[in-house]
Structures are given as C-alpha cells and as structure tokens.
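K.L.:
Please work out how this folds:
(4 chains)
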Protein chains: 2
Amino acid sequence: MAVTVLLVDDHPVVRTGLRAVFDAREDVTVVGEAATGEEAVLLAEHLHPDVVLCDLRLGGGMDGVAATVALRALRPAPAVLILTTFDRDADILGAIEAGAAGYLLKDVPPDTIVEALHTAAAGQVFLASDLATRVMSGMRQPRPRLTTRELDVLGHLVQGASNKEIARALFVTEATIKSHLVHIFTKLDVDSRARAIHVAREAGLIREG
Amino acid sequence: MAVTVLLVDDHPVVRTGLRAVFDAREDVTVVGEAATGEEAVLLAEHLHPDVVLCDLRLGGGMDGVAATVALRALRPAPAVLILTTFDRDADILGAIEAGAAGYLLKDVPPDTIVEALHTAAAGQVFLASDLATRVMSGMRQPRPRLTTRELDVLGHLVQGASNKEIARALFVTEATIKSHLVHIFTKLDVDSRARAIHVAREAGLIREG
DNA sequence: CGGTCCCTCCATCAAACGGTTGAGACCAGA
DNA sequence: TCTGGTCTCAACCGTTTGATGGAGGGACCG
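P.N.:
Modelled structure (predicted):
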C-alpha cells in the first residue's frame, strides 16, 4: 500500500520536484503541501499523513525542529523526516532529539528519499550511514547545556562585544559577565573568548548559522 | 520564441522541480542538466544555452561563482542566473562581480524565475528589488581586500587561535602576527579580534559560510 | 632604477582580558 | 526545610592584546 506524505518546504521549486518524483510512483501518495511550519501542523492535523517530509529552514517563525516537536505532539502523530541541505551535527542532533524519524540531505538520489519514507512510515529511523556515525559520536559528547542567561552573554560575545559592552547591554556589572564567561568557557571546554565564538558556532548554539 | 536553459544544481530534486516547472511552459526549453560546475561548463560548451540557471553551492570543487566565471569565458557566453538559498551580501556581490546576470532566492514563485530567465536572455540584469537595494549599498562600501597572508592569519583567528598559536602555525614571530592584525583591523574597521571574527564572517571573507 | 606593496621583525606600554576565589540572593524541587 | 542551580557582584593577579612607531628585504612594475 502507498505511503501518504505531506510535503513541507518554503521553496515552491523543491515541492514541485518532490511531487514530480512521487507522482511517478505507485508507492507514495502526496496528500498535501505546506510552506511553513504552522501550515504544516494545521494540514497534518486534518490530513493524517503517514509521514511529513520537512525542510529544516522554513519561512515562518517556526523552524524544522520546532515543527517536528509540534507534529509529534499530534494524535495520531505522523513520522517526521527531515530533508535539508544542512549537515551540521547540531542540526542533525537537534532534529533527532525533537523526534524526527530520519535526516536526509537534499543531494541524495530520489530513490533514497522514497526508501526513507517507507522506513519512517514503518516506525523506524532512517539515517544515511555517514550521518549515523557522526550522530553516534555526537551522542557520546552531548551538546553543552547553557542557561538562558549564558546564551544571552554568548549572543553578544559572538558579535564581538567586549565584556564592558555586554555588561551595559544586559544591565549588569562587568564582574557578572566575567562570571558567566567562566561558566561558558568551562561548559564549552575552551580558554578564550575567540575560541568560544568558534565552538559556539560549530555546536549550533546560536542563531544565524 | 523559447529561451533555452541549462540547469545546474547538485540536488536532483531541485532539478526535477525546475524541469517540471519549465516543461509545463512554452517559452522555456530545458536543454540539459548538470550537477557540478565542471559538468556545467562542458555541457554549456556543446549545448549553447541562452541562460545557465545555477546554484551557488555545488557538489564539486567548483562553486557557483567559479562556475560563473568559467561560463562567461565561453564564446558565445551564456547568461548566468544564480538561483540559491543564501542571501548573504557577500555571496550576491561575488556573483555579480563574477558576471552573473541575476540573483534569485529559491523561495521565489516559479513565475519570477521564468521572468528572470527572459530578462537574462535579453542581456539584462535581474535582481529582486530587496536584493537590489542591498547590492547598491554594498557597492558604496566595497568589500575590504586582504592580502593572502592576512587571510592566512584571519583563518586562524576565526578559529579562536591566540597570537602565539597563529605565529607557531605560520612559522613567524608573534610580532609579525600583531603587525598583520593591525592591518586587518584597519581594513575591517574594528578594534578587537572578536569583532574582526564577526565582520569577517559577515563579509564572507572566510570559508565555511 | 625608483617607487610601491607585501612580509617580516623589533621595542614599548597601557588597557583589556582570563582565571581564581569567595559570597549573597533568589527560586524551584526534594 | 534544605539543597542545588542560577544570577548577581567583588577583589586580585598574571597574561594577552592592541596601539604606536619604526626598520629591513624582496617582488613587481612603470
């Protein structure tokens, strides 16, 4: 029997391409398309697709990870398959943690996407082999958990602000910023602000990747 | 008469989508597809398309900008239209400087792509209005030109290296690094390494965007 | 050949930064 | 109630950084 799929991507061209691929096959049925995460949740609620095929970067305020969380909270919950161009470890881990049933890069051949759809519909997880090994190694060293305040400081840090400037921006003393920085450095296992900026970007702890 | 187009994108799904869009129209004819820059140049040499529709990020060693330069060197030279997801100023400026006839974001409606194809085929430049204003403002403040050595130093800088570490890595004295940094700071108009990292990323002076 | 970059290096010095220790206040959960 | 985590602040000290001003050699070019 055919797997029912909801396409979610803010690029009309990509949706058209996916629909063209699936329409040519018997074993996959596209039941709808959405351009944003909000739209995707609304449609999934009514269409009950087996799988939602979702991009990570979406137009609206809701990104792919947030959309995944919302979709998995539905009853019955569709499987969510992430299809995107970004292969940063942080993105992949974030998606898996959010409950995604798989992570695909857009440069894979169409047959692989179909294969992943069936795997996801069967309740299993599909990960490309090279990604899988990276995820496993990433699991061993879990992403550092920064507090909201520390993320505030980090946000200014990556923009090149000095301690004094961060202090002014957050309405606290420079001593407080230093204290936060000590914790940040410890959690990120670095010993300088410059390196903190680097690993923060690598770990995907900040927006605008 | 129909515009002949060569599609260049490393994502099969996107190529399929574009082909589906164009095949449904009378005024655009797809004459070929390529997944890499090298392939694109080879095909363009034989197929003589009016326009090459090209992604910025390509699989092979040649990116969209390099491919644009190579394509524009052909005789007769096809118009090159960049279609991508990245809207960083540095990418857009780089493409225009390389001789692209336009820059489109993948979230535009298909009709806009067709419109841009006709504009490019007619020898004119097509830029989305919001991008156009940014390009103009960017032209006023041209991208800073760093020497190769300065880029070496910057490369280590953005990875969080200290002056001492950069000196060791480049087999020179710390004093030399400081000297380079003074020049880098001057050119980037900053006064701290952290801010230099930030504006270097913004300006697209370093790899791995 | 002289000029202009570029790369290299030196010395000095104030300011900023990183690391440390210690501590009080608040709040949520055991 | 006490504990743990978070956020806040302070004082101290050694190191790094950035600014300043110079200098020599090599490469390229008109």
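
K.L.:
which helices and strands does the longest helix along chain A pack with?
P.N.:
What stands out as the longest helix in chain A, according to DSSP state H, is helix A:174-188. On a contact count with 3 or more C-beta pairs under 8 Å, 6 or more residues apart in numbering or on different chains; DSSP states H and E, helix A:174-188 meets helix A:148-157, helix A:163-170, helix A:193-202. Where you see a C-beta, it was placed from the backbone N, CA and C, and this is true even at glycine.

K.L.:
Output these in CSV; the columns should cover distance to residue B:192, mean pLDDT and mean neighbour count.
P.N.:
Shown next, in CSV, are these (distance: least, C-beta to C-beta, whole Å; pLDDT from 0 to 100; neighbours: other C-beta atoms under 10 Å in any protein chain shown):
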stretch, distance to residue B:192, mean pLDDT, mean neighbour count
helix A:148-157, 11, 91, 18
helix A:163-170, 10, 90, 17
helix A:193-202, 9, 88, 21
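
K.L.:
picking that back up, for DNA strand D, tell me whether the longest helix of chain A is touching it.
P.N.:
Yes: residues of helix A:174-188 contacting DNA strand D under C-beta under 7 Å from any atom of the strand: A:175-176, A:178-180.

K.L.:
Would you mind naming what in chain A lies close to DNA strand C?
P.N.:
By C-beta under 7 Å from any atom of the strand, the residues of chain A that approach DNA strand C are A:162-164, A:178-179, A:181-182, A:185, A:191-194.

K.L.:
Make a markdown table from those residues and add distance to residue B:168 to it.
P.N.:
Listed next are these as a markdown table, based on distance: C-beta to C-beta, whole Å:
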| residue | distance to residue B:168 |
| --- | --- |
| A:162 | 26 |
| A:163 | 27 |
| A:164 | 30 |
| A:178 | 28 |
| A:179 | 31 |
| A:181 | 25 |
| A:182 | 26 |
| A:185 | 22 |
| A:191 | 16 |
| A:192 | 15 |
| A:193 | 20 |
| A:194 | 16 |
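
K.L.:
now, which of these sits nearest chain B?
P.N.:
Nearest to chain B out of the residues of chain A next to DNA strand C is residue A:194 (C-beta to the nearest C-beta; 4.0 Å).

K.L.:
For the closest one, which non-adjacent residue is closest in space?
P.N.:
Excluding the flanking residues, the one nearest residue A:194 by C-beta to C-beta, 6 or more residues apart in numbering or on different chains is residue B:160, at 4.0 Å.

K.L.:
on that earlier part again, now the two most distant members of the residues of chain A next to DNA strand C.
P.N.:
For the residues of chain A next to DNA strand C, the farthest-apart pair by C-beta to C-beta is A:164 and A:191; their separation is 20.7 Å.

K.L.:
that older thread, which one of the residues of helix A:174-188 next to DNA strand D is nearest to residue A:83?
P.N.:
residue A:180 (37.3 Å).

K.L.:
quick one: contacts for the closest one?
P.N.:
Residue A:180 is in contact with A:149-150, A:153, counting by C-beta atoms under 8 Å, 6 or more residues apart in numbering or on different chains.

K.L.:
From residue A:119, how far off is it?
P.N.:
Using C-beta to C-beta, to the nearest Å, residue A:180 is found at 43 Å from residue A:119.

K.L.:
Just the CA atoms of stretch A:67-80, as CSV, please.
P.N.:
Extracted C-alpha coordinates of stretch A:67-80, given in CSV (Å, rounded to 0.1, in the frame of the first residue of the first chain):
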residue,chain,number,x,y,z
ALA,A,67,7.7,22.0,13.6
THR,A,68,8.9,18.4,14.4
VAL,A,69,8.0,18.9,18.0
ALA,A,70,4.6,20.2,17.2
LEU,A,71,3.9,17.5,14.7
ARG,A,72,5.0,14.7,17.1
ALA,A,73,2.6,16.1,19.6
LEU,A,74,-0.4,15.4,17.4
ARG,A,75,-2.6,12.3,17.8
PRO,A,76,-2.1,10.3,15.8
ALA,A,77,1.5,11.5,15.4
PRO,A,78,2.9,11.4,11.9
ALA,A,79,6.5,10.3,11.4
VAL,A,80,8.7,13.3,10.6
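
K.L.:
list the buried ones in that stretch?
P.N.:
By neighbour count on 16 or more other C-beta atoms under 10 Å in any protein chain shown, the buried set for stretch A:67-80 is A:67-72, A:78-80.

K.L.:
Equivalent analysis for stretch A:8-24, please.
P.N.:
The neighbour-count check on stretch A:8-24 (16+ other C-beta under 10 Å) flags A:8-22 as buried.

K.L.:
just stretch A:95-108 next, same as before
P.N.:
Buried, per 16+ other C-beta under 10 Å, within stretch A:95-108: A:95-96, A:98, A:100-108.

K.L.:
and the end-to-end length of it?
P.N.:
18 Å (C-alpha to C-alpha, to the nearest Å).

K.L.:
I would like the residues contacting it, please.
P.N.:
A:14, A:51, A:56, A:64-66, A:68-69, A:72, A:79-85, A:87, A:92, A:112-113, A:116, A:119-120, A:123-128, A:131, A:135, B:10-14, B:59.

K.L.:
what's the offset of that stretch from the middle of its chain?
P.N.:
Centroid separation for stretch A:95-108 versus its chain: 8 Å, with C-alpha atoms, centre = their mean, to the nearest Å.

K.L.:
Any of the residues of helix A:174-188 next to DNA strand D buried? List them.
P.N.:
Neighbour counting by 16+ other C-beta under 10 Å classes A:176, A:180 among the residues of helix A:174-188 next to DNA strand D as buried.

K.L.:
Noted, bye for now.
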